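Trainee: All I have is the shape, not the residue letters:
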């Protein structure tokens, strides 16, 4: 097995709202290894975007990391991100070791500056001295690598089309060859043909070893299937299943994964014959999550134990699932 | 500027220009119509009064009456009066003053205008800068003590009329503590000259009226910018920038820049109100500006002078308006290069 | 439904304090003249006397009782503020929705008109009009200020309605054959009710401050007393430079307390009803 790049151990991250906790991330552990693309799927409200913030330790009020560790493995050193201050993260980690392709690339660039100037600002935070000419040449090379004209950097964001903007964002996010990249629903706002192009660009990033590993966050299994090897399924702030993509498509273990897979709008051929399906009910209010397994109120295989005890993530034939059925 | 960039800019600027020109024309028309539309036509009432007072100095009164009859064109059909009025207005001829006969109104206005401009422009720009900076800091530190303090302070201060603050300042700093002079644009008995002594004296008299405008105007800007910054804090480019490692200082600069842009056009729109407030402040301070002249014109019912002051003030506001819009188009690339609508 | 909606407001300390101040001043204006029935226009007392037991706020140059003047002036100023708000609101609430619902040429004409009125400096225009009016009652002042103050509100209403109109339920009503009037009153106006309410408050402020401004220039109401008129006489009689603070301080304090409490009420409402401004 490859060396780990990012590891989360027993993380709990809660939103504090009027003296109440919203348990958005509740006891989650994940290892992301070198060369790996990990898909993180779940409905909206499952905590996947919160998880991306925890991975980067971008913890801002009202979110708070209650417990757990976030470790980044960098050239043989282990950096505990949860022990760093925001300033240290900003100076040494973000943009350099880790990066993100944000959910809404449409407005992700400073609207009233030329792209070149935004990039130079980023460089100025990471390096004491910068050589503008050199940087611009490098940046232009990267822009061409992701498939957009190098002149784009002299434009303002509003002068670009959606697909161009998305790829400019990808190029900017990966300028310093970060070890670990999060892609947070990078395709959800795009039309289908642009989606394909952007997915291809993200794939290239790993193949050219611009980034070591990627966490690809989405609600759409069909998209993630094209790019990830491993799938992490989240439900109501918990991981319910971790498995390779093939295994999950072939045989989803957790009832929630099964529901998610069956309810895909554009079904995979393997899934198609089972007909269209949806999961009854809605995700729980995370301020007052149900006792025991958080999925039990919506689960058709519910056992007596399910509303009394919390299932732990356990090994089943080399896969991991949190369910009392196994 | 590259040539492809010039077109949207020119389009924006010429649209603004035409709009302001049309509005100015309408304003002049209103000035023309008002006295003639109000029942009992105050102009003819005024003429009759002047005529009846004719015993004191028949010669003078007769000539005042003659000038006014000509200038207002009473007796002629309304459209002739109107064309006459507009052509005169565009030539800068606003008629003859009654109270300072036979001076032309323009002759009376020109020497006082600099005082008003000198008071108004630096003070509203200072208020704009301080207010926006305070508001931006408060918004950036939303929920903190600094924020709550700035907000409540600004809310109250923004409701203090310039002139009443002026009265308080005169009473405390001048009458009670004798720190600053409480009235006038310069010491009584001195003659305006270009000497250091006079300029220092002028600045000394300038401080209180300047402060009363700055303090009461900055609250409104602070409140507005604070809200704009709070909205901007959640913007996607802020989150992305932070996660690329941008320094807090740089992020603040971005937010500040984008929140301040709409406030530039806000400045243009606020000029009218600010001018109104400044005129009254001048009255309170016996400051030798347009406000004081207007006050005198109003108390002697010198209609030609009142009209002249109005046409010039509204014209200057539109000029300033246009200048600010021009500036705005220069600094906001989205206007300059023409962002498509709705995005 | 309204009660439930406004309930969270009463948890806001800012809201409670400001509404208490506001109510106090309203009571001053409404009940004050009854409890202190001195004729504000009579020349009863000694001249320019500082506050005493006999004259709680002292007297002016003509021996007028300043407490009586301030109490009655508060009443007039509130009345002018309220009337101004009613007038501005009525114009805005007609022009904004018509513009938004009708669209097209109607929208363009109404909006150009609105922009022109917005760009003409309204305090200057009010001064100009007031100049030609020999008799200016409180109503005339309110009408003047109200008729010039509405444009920003009409514009805001229009743009808010435009975003509402594109929502699903409004489209459904259109398909169900609602006419414009029914559409406006059933689907649209309720959607901007809080905004309109807050604007109404700001219009009151505009009326109160506008009256004071006009009065100071010498163009206030020609009869009765208002806070602005008290200030004007204080200025004319050089009260400030002669140190007669009891003449110009109380009316100013009331104006500032009144308008800033109203403004605080709107910001408190904004914080409660506008989630993005809520303190996190």
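Mentor: Arrived safely, thanks for sending. Note that the coordinates shown come from a computational prediction; the quantities given were computed from them, not determined experimentally.
Trainee: how much space between residue B:278 and residue A:281?
Mentor: 64 Å (C-beta to C-beta, to the nearest Å). For the C-beta atoms, the positions are set from N, CA and C on the backbone; glycine is no exception.
Trainee: Neighbour count: those two, which is higher?
Mentor: Comparing residue B:278 with residue A:281 by other C-beta atoms under 10 Å in any protein chain shown, the one with more neighbours is residue B:278, at 27 against 10.
Trainee: thinking that one is in contact with residue B:122, fair?
Mentor: No - applying C-beta atoms under 8 Å as the test, residue B:278 and residue B:122 come out as separate, 11.3 Å apart.
Trainee: Please report how far the residue nearest the centre of chain A lies from residue C:103.
Mentor: Chain A has residue A:217 as the residue nearest its centroid, 3.5 Å off, counting by C-alpha atoms, centre = their mean. Distance, residue A:217 to residue C:103, by C-beta to C-beta: 41 Å.
Trainee: Kindly report the same for residue A:33.
Mentor: 58 Å.
Trainee: between the two, which one's more packed in?
Mentor: The residue with more neighbours, out of residue A:33 and residue C:103, is residue A:33; 18 against 12, by other C-beta under 10 Å.
Trainee: and the closest residue to that one other than its chain neighbours, what does it touch?
Mentor: Of all residues not flanking residue A:33 in the chain, residue A:2 sits nearest, at 4.2 Å (C-beta to C-beta, 6 or more residues apart in numbering or on different chains). Neighbouring residues of residue A:2 by C-beta atoms under 8 Å, 6 or more residues apart in numbering or on different chains: A:33-36.
Trainee: I only care about these that end up buried; give me the PyMOL line for that.
Mentor: To isolate the buried members of the contacts of residue A:2 in PyMOL, using 16 or more other C-beta atoms under 10 Å in any protein chain shown:
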select buried, chain A and resi 33+36
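Trainee: looking at chain C, which helix or strand is least sure?
Mentor: helix C:2-6 (a mean of 65; mean pLDDT, DSSP states H and E).
Trainee: Next SSE downstream of that helix?
Mentor: helix C:13-30 (DSSP states H and E).
Trainee: now for that next one, which elements pack on it?
Mentor: helix C:66-102, helix C:245-273 (3 or more C-beta pairs under 8 Å, 6 or more residues apart in numbering or on different chains; DSSP states H and E).
Trainee: Can you redo those as CSV, where the extra columns are mean pLDDT, mean neighbour count and distance to chain B?
Mentor: As requested, the helices and strands packed on helix C:13-30 are exported to CSV (pLDDT from 0 to 100; neighbours: other C-beta atoms under 10 Å in any protein chain shown; distance: least, C-beta to the nearest C-beta, whole Å):
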stretch, mean pLDDT, mean neighbour count, distance to chain B
helix C:66-102, 93, 23, 12
helix C:245-273, 90, 22, 4
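Trainee: Now for whatever residue of chain C ends up closest to chain B: which residues touch it?
Mentor: Minimum separation of chain C from chain B (C-beta to the nearest C-beta) falls at residue C:121, amounting to 2.5 Å. Residue C:121 is in contact with B:271-273, B:275-276, B:313-314, B:317, counting by C-beta under 8 Å, 6+ apart.
Trainee: Among the residues you listed, which lie within helices?
Mentor: B:271-273, B:275-276, B:313-314, B:317 (DSSP state H).
Trainee: Next, format the contacts of residue C:121 as a markdown table and append distance to residue C:237, neighbour count and pLDDT.
Mentor: Output for the contacts of residue C:121, formatted as a markdown table (distance: C-beta to C-beta, whole Å; neighbours: other C-beta atoms under 10 Å in any protein chain shown; pLDDT from 0 to 100):
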| residue | distance to residue C:237 | neighbour count | pLDDT |
| --- | --- | --- | --- |
| B:271 | 32 | 20 | 86 |
| B:272 | 30 | 23 | 85 |
| B:273 | 27 | 19 | 86 |
| B:275 | 26 | 22 | 90 |
| B:276 | 23 | 24 | 88 |
| B:313 | 28 | 25 | 89 |
| B:314 | 32 | 24 | 88 |
| B:317 | 32 | 22 | 89 |
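Trainee: now the residues you listed in a markdown table, with distance to chain C?
Mentor: Converted to a markdown table, the contacts of residue C:121 look like this (distance: C-beta to the nearest C-beta, whole Å):
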| residue | distance to chain C |
| --- | --- |
| B:271 | 7 |
| B:272 | 3 |
| B:273 | 6 |
| B:275 | 6 |
| B:276 | 3 |
| B:313 | 6 |
| B:314 | 6 |
| B:317 | 6 |
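Trainee: Give me the below-cutoff pLDDT ranges for chain B.
Mentor: Filtered on pLDDT under 70, chain B yields the residue ranges B:1-5, B:39-44, B:47-58, B:73-75, B:339-343.
Trainee: Roughly how far does the residue nearest the centre of it sit from residue B:101?
Mentor: Here the mean C-alpha position of chain B is nearest to the C-alpha of residue B:275 (C-alpha atoms, centre = their mean), at a distance of 3.0 Å. Going from residue B:275 to residue B:101 by C-beta to C-beta gives 27 Å.
Trainee: Am I right that residue B:190 sits in a strand?
Mentor: No - under DSSP: H, G, I helix; E, B strand; the rest coil, residue B:190 falls outside any strand and is assigned coil.
Trainee: Identify the residues contacting it.
Mentor: Contacts of residue B:190 by C-beta under 8 Å, 6+ apart are B:198, B:201.
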